[in-house]
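Engineer: what shape does this take:
(chains A and B)
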Amino acid sequence: MYKFNLKQLNSLRYVGIELCHSFHSCLNSVSNVPPIYELNRNLNGLWKSGQLDEARQMFDKMYERDDFTWNTMIAAYAHSGRLDEAKQLFDETPNKCSITWSSLISGYCRYGCETEAFYLFWQMQYEGQKPSQFTLGSLLRMCSSNSLLSRGEQIHAHAIKTQFNSNAFVNTGLVDMYAKCSCIVEAQYIFEATPDRKSHVLWTAMITGYSQSNDGLRAIKCFRDMQAEGVVSNQYTFPSVLTACAAVKARRFGAQVHGHIIQTGFEANMFVESALVDMYAKCGDLNSARRALETMEGDNVVSWNSMVVGCVRQGFEKEALLLFKKMHARDMGIDDFTYPSVLNSCASIKDMKNAKSVHCLIVKTGFEDYKLVSNALVDVYAKGEDLCSAFEVFNHMTDKDVISWTSLVTGYAYNGSHEIALKLFCEMRLVGVEPDQIVIASVLSACAELTVLEFGQQVHANFMKLGLESTLSVDNSLVAMYAKCGCIEDANEVFNLMRIRDVITWTALIVGYAQNGKGKDSLALYNEMIVSGTKPDFITFIGLLFACSHAGLVEQGREYFESMDKVYGIKPGPDHYACIIDLLGRSGKMNEAKELLNQMDVEPDATVWKALLSACRVHGNLELAERAAKALFELEPQNAVPYVLLSNIYSAAGFWDDAARLRRLMKSRGVCKEPGRSWIEMNSTVHTFMSEDRSHPKTEQIYLKIDEIMIMIKEAGYVPDMNFALHDVDEEGKELGLSYHSEKLAVAFGLLFVPQGAPIRIYKNLRVCGDCHTAMKFISRVFQRHIILRDSNCFHHFREGISKTKGLVSFKSGVAKRMDDTPQLQVKVISSSSFSLMLEENLEVKYWIRASSGVVAKEA
DNA sequence: CTAGGGTTAG
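Structural biologist: Numbering: from 1, shown residues only, chains lettered A, B, ... in the order given. Now for the predicted structure:
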């Protein structure tokens, strides 16, 4: 009698041919025992419904086993992660076919056992079995999820050799592997080289690849090509393309996709639902997001998480908290994504009370060791100015990643501890954590704030070496850093290379030009910005008005000031008033300045009064000067400047008694003038000088150089201005005292030790003295040097005997913060101390110096 | 009996 083999039997079943009873009896010697294919099916059903051990019992009881039986049992163990048992069974298998090998290999791949999987892959071929598309697919999946690029390339090579390289299934694996290993170009190449592109899985892998490599537009385009080629989407495709829509804020296209989802009936899928909520939320359409959330059947944590994030991003922190409370009440399995989002909303409104409650809940539910959660805790404590708690959470983390460090670094920077932020960055590098764009942007902002050019340059170099693609935030921070460090050309270069610019980019450079004495360039850039379609903001106008006041452009300044509210709806703040009052004061329009002061609809702050007082010094308006000084005595009781200025105004007007009275008042109130200090950074060491300072190891050489300088610049026409000398010494003493001002000692040091051709960069904690300013002009000409002097107000560039900067008003020495998450462009000009970190080429801290004291404080 | 693609984060 004819006997069917198993394969034939199965194909008969699959084409629907019912086997008659007589066939059964021929196939099985005992007539009431079910045929083996049925037993195999039962075996398969058992483990797939989770009854693995029952499956094994059945396997053991079977008196007859065929290849199917063995393979099914191996696959069952392999799939469930019981790899040892799978291997044991595999070894016992009498007849190993390709499927036997693939089943075991797929198990090792699924659980990331790279060595075992690849060993079996090799052994299989050694024993004469050819890997199939299944084998290659499994291996590629492992390479993809574990980012094993070179292993993946090996498989790719194997696929080419064995002519699998136009196999749609293998190519899907390759596209996914290359995409996940961030080789999007290779992924695209494989995709395009695939002849048969009817598989929706292949398309989905490509769309996801684009979407996850931050190329939302390409992902969307790919999705459209897929539609055009008539390939239908499914529950895997939609989330992917929706993520891309969210990333590029393509709400309209996203809504069209939504329509398509409803048409094809995939809206009930959890992943699709979540992606929809997320897409609407990220596009700022919270109403649609809410509607999508409400129409869902059952609770889906991911969708709720997306909704919480959406609310936070749109500035509805309170609603985010309410949503969280609802989630908690509904007991919907709050996870490690929920906590970061809700902590985020606490962070942005500094709601520390709720933050602490959430922290308690985290501890209670055992989520404190989740990295995302701890990172968010560090962030919320740092933003809430509780740096101790931030540091404590950070210290307890076992696995700190770049985000953990970033949270702490930005936290310290946010609270004004820029030096600590930089130090932490160095520590991060020391423990071997690679920076990313976000921490780089943050650190560069801190460099800008401290005007530590060398450090900033090293961070820039470090960033270039990392080979990361730049981002808008990084570029913006670079522009701001170079501009604030007086390297306006470098700032300009970064600016020119940028393909996308926003208001922060333009403003950084506008402010940069203004601070570096290029008022006209500042205004020209502003016009360019308007032409480019970018709207100015609060800070743009500070830069612009600062530029006008420095360039003496009264009319333009007035116009810009007027346009703020009228055209752009930006209400002027104290900083704007300070600039405009300075502008008016400088051109002698004291009455107008006074009028403006009285019209102000915000409370004048110290900056405004300082601008006014400075103007009074030039134009001698006693009444206004007294009013301004009095206000300053209250606002900044420890600041000596208003005392000195007012006293000088009295002297100039001949009111000697009043001048003396003020000096006495200052003394009796214990207000001291901050001593002038100048410093120069050279080879990562800071050389600090006080007036008539003799503590520097090279003192003798420096003083000899000063004598030489004085002789040479006097020959060139320099006349010492005794008004800037001390009063109680004779003429000769006065002149000598002038010669030994801290900035002159610094410039002498610079002339001696800074190589010819390199600019001499001097920093001063106070405003540069008038006589030194004149002397610098002569020195730059006589010694053919470019001197850049940064004082408490701005940068002075001396070249060929000309100073490019004349400044009177200082930016408010507070910090202007933007309300969004971009790096802050801060208008604070200086801190009175500077410092330097000694770095090796690979950015390791060697030692840490505080310039203000000149002491090496820490060795690492 | 073996295989591939998806959502939420600083």
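
Engineer: helices or strands next to the strand or helix carrying residue A:45 in the packing?
Structural biologist: Following DSSP states H and E, one finds residue A:45 within helix A:36-48. Identification of packing neighbours for helix A:36-48 by 3 or more CB pairs under 8 Å, 6 or more residues apart in numbering; DSSP states H and E yields helix A:6-14, helix A:52-61, helix A:67-80. Backbone N, C-alpha and C define where each C-beta goes, glycine included.

Engineer: using PDB, list the CA coordinates for the top helix by length along chain A.
Structural biologist: Taking DSSP state H as the criterion, chain A has its longest helix at helix A:699-715. Output of helix A:699-715 as PDB, limited to C-alpha atoms (Å, rounded to 0.1, in the frame of the first residue of the first chain):
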ATOM      1  CA  THR A 699      58.000  90.800  38.700                       C
ATOM      2  CA  GLU A 700      61.400  92.200  37.800                       C
ATOM      3  CA  GLN A 701      61.100  91.500  34.100                       C
ATOM      4  CA  ILE A 702      57.500  92.900  34.100                       C
ATOM      5  CA  TYR A 703      58.500  96.200  35.800                       C
ATOM      6  CA  LEU A 704      61.400  96.700  33.500                       C
ATOM      7  CA  LYS A 705      59.100  96.100  30.600                       C
ATOM      8  CA  ILE A 706      56.700  98.800  32.000                       C
ATOM      9  CA  ASP A 707      59.500 101.300  32.100                       C
ATOM     10  CA  GLU A 708      60.300 100.500  28.500                       C
ATOM     11  CA  ILE A 709      56.600 100.800  27.500                       C
ATOM     12  CA  MET A 710      56.300 104.200  29.100                       C
ATOM     13  CA  ILE A 711      59.300 105.600  27.400                       C
ATOM     14  CA  MET A 712      58.200 104.300  24.000                       C
ATOM     15  CA  ILE A 713      54.500 105.400  24.200                       C
ATOM     16  CA  LYS A 714      55.400 108.800  25.500                       C
ATOM     17  CA  GLU A 715      57.600 109.300  22.400                       C
END
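
Engineer: from DNA strand B, how far out is the most centrally placed residue in chain A?
Structural biologist: For chain A, the residue nearest the mean C-alpha position is residue A:438 (1.9 Å; CA atoms, centre = their mean). Residue A:438 sits at a distance of 4 Å from DNA strand B (criterion: CB to the nearest atom of the strand, to the nearest Å).

Engineer: what's the local residue count around the closest residue to residue A:76 other than its chain neighbours?
Structural biologist: With CB to CB, 6 or more residues apart in numbering as the criterion, residue A:76 has its nearest non-adjacent residue at 3.7 Å, and that residue is residue A:47. Neighbourhood size, residue A:47 [other CB atoms under 10 Å]: 22.

Engineer: residues touching residue A:47, list them.
Structural biologist: Applying CB atoms under 8 Å, 6 or more residues apart in numbering, we find residue A:47 in contact with A:55, A:72, A:76, A:79, A:80.

Engineer: next: residue A:219.
Structural biologist: A:207, A:208, A:210, A:211, A:240, A:241, A:243, A:244.

Engineer: so which elements touch whichever helix or strand the fifth one is part of?
Structural biologist: In this structure, residue A:240 is located in helix A:237-247 according to DSSP H and E. Helices and strands in packing contact with helix A:237-247 are listed as helix A:200-212, helix A:216-228, helix A:251-264, helix A:270-282; criterion 3+ CB pairs under 8 Å, 6+ apart.

Engineer: now the second one against helix A:200-212, angle please.
Structural biologist: Taking axes from the mean of the first three to the mean of the last three CA atoms, to 10 degrees, one finds helix A:216-228 and helix A:200-212 inclined to each other by 160 degrees.

Engineer: can you pull out the strands in the stretch 651-800 of chain A?
Structural biologist: A:677-682, A:685-690, A:760-764, A:787-790, A:795-799 (DSSP state E, counting those that start in this stretch).

Engineer: mind checking which of these is nearest DNA strand B?
Structural biologist: The closest of the strands of the stretch 651-800 of chain A to DNA strand B is strand A:677-682. By CB to the nearest atom of the strand, the value is 29.2 Å.

Engineer: what strands line up against that closest one, and which way round?
Structural biologist: strand A:685-690 (antiparallel), strand A:760-764 (antiparallel) (DSSP bridges).

Engineer: give me whichever of those strands is most buried.
Structural biologist: Using mean count of other CB atoms under 10 Å, the stretch among the strands paired with strand A:677-682 with the largest mean neighbour count is strand A:760-764, at a mean of 26.

Engineer: how far is it from where the chain is centred?
Structural biologist: Centroid separation between strand A:760-764 and its chain, computed with CA atoms, centre = their mean, to the nearest Å, is 30 Å.

Engineer: not counting sequence-adjacent ones, nearest residue to residue A:571?
Structural biologist: Using CB to CB, 6+ apart, the closest residue to residue A:571 is residue A:565 (6.0 Å).

Engineer: the one you found and residue A:576 touch, don't they?
Structural biologist: No - under the criterion of CB atoms under 8 Å, residue A:565 is not in contact with residue A:576, lying 10.0 Å apart.

Engineer: low pLDDT regions in chain A?
Structural biologist: Applying pLDDT under 70 to chain A flags the ranges A:1-32, A:684, A:725-730, A:803-860.

Engineer: flag every residue of the stretch 1-150 of chain A that's near DNA strand B.
Structural biologist: Residues of the stretch 1-150 of chain A lying close to DNA strand B by CB under 7 Å from any atom of the strand are A:40, A:44, A:67-68, A:71-72, A:75, A:79, A:98-100, A:102-103, A:106, A:110, A:132-135, A:137-138, A:141, A:144-145.

Engineer: how deep is residue A:673 tucked in, by neighbour count?
Structural biologist: 12.

Engineer: ok, the one 10 residues further on next?
Structural biologist: Using other CB under 10 Å, residue A:683 has 8 other residues around it.

Engineer: check contacts around it.
Structural biologist: Going by CB under 8 Å, 6+ apart, the list of residues near residue A:683 is empty.

Engineer: and it, how far from DNA strand B?
Structural biologist: Counting by CB to the nearest atom of the strand, the gap from residue A:683 to DNA strand B is 32 Å.

Engineer: cool, and residue A:278?
Structural biologist: 4 Å.

Engineer: repeat for residue A:783
Structural biologist: Residue A:783 is 47 Å from DNA strand B, by CB to the nearest atom of the strand.

Engineer: the closest residue to that residue other than its chain neighbours: neighbour count?
Structural biologist: Excluding the flanking residues, the one nearest residue A:783 by CB to CB, 6+ apart is residue A:751, at 5.8 Å. Neighbour count for residue A:751, taken as other CB under 10 Å: 19.

Engineer: same check, this time on residue A:752
Structural biologist: 12.

Engineer: ok, now which ones touch it?
Structural biologist: A:698, A:701, A:702, A:705.

Engineer: do the same with residue A:508
Structural biologist: Applying CB under 8 Å, 6+ apart, the residues near residue A:508 are A:476, A:479, A:480, A:483, A:491, A:825.

Engineer: mind redoing it with 10 Å?
Structural biologist: By CB atoms under 10 Å, 6 or more residues apart in numbering, residue A:508 lies in contact with A:448, A:475-484, A:491, A:494-495, A:501, A:539-540, A:543, A:823, A:825.
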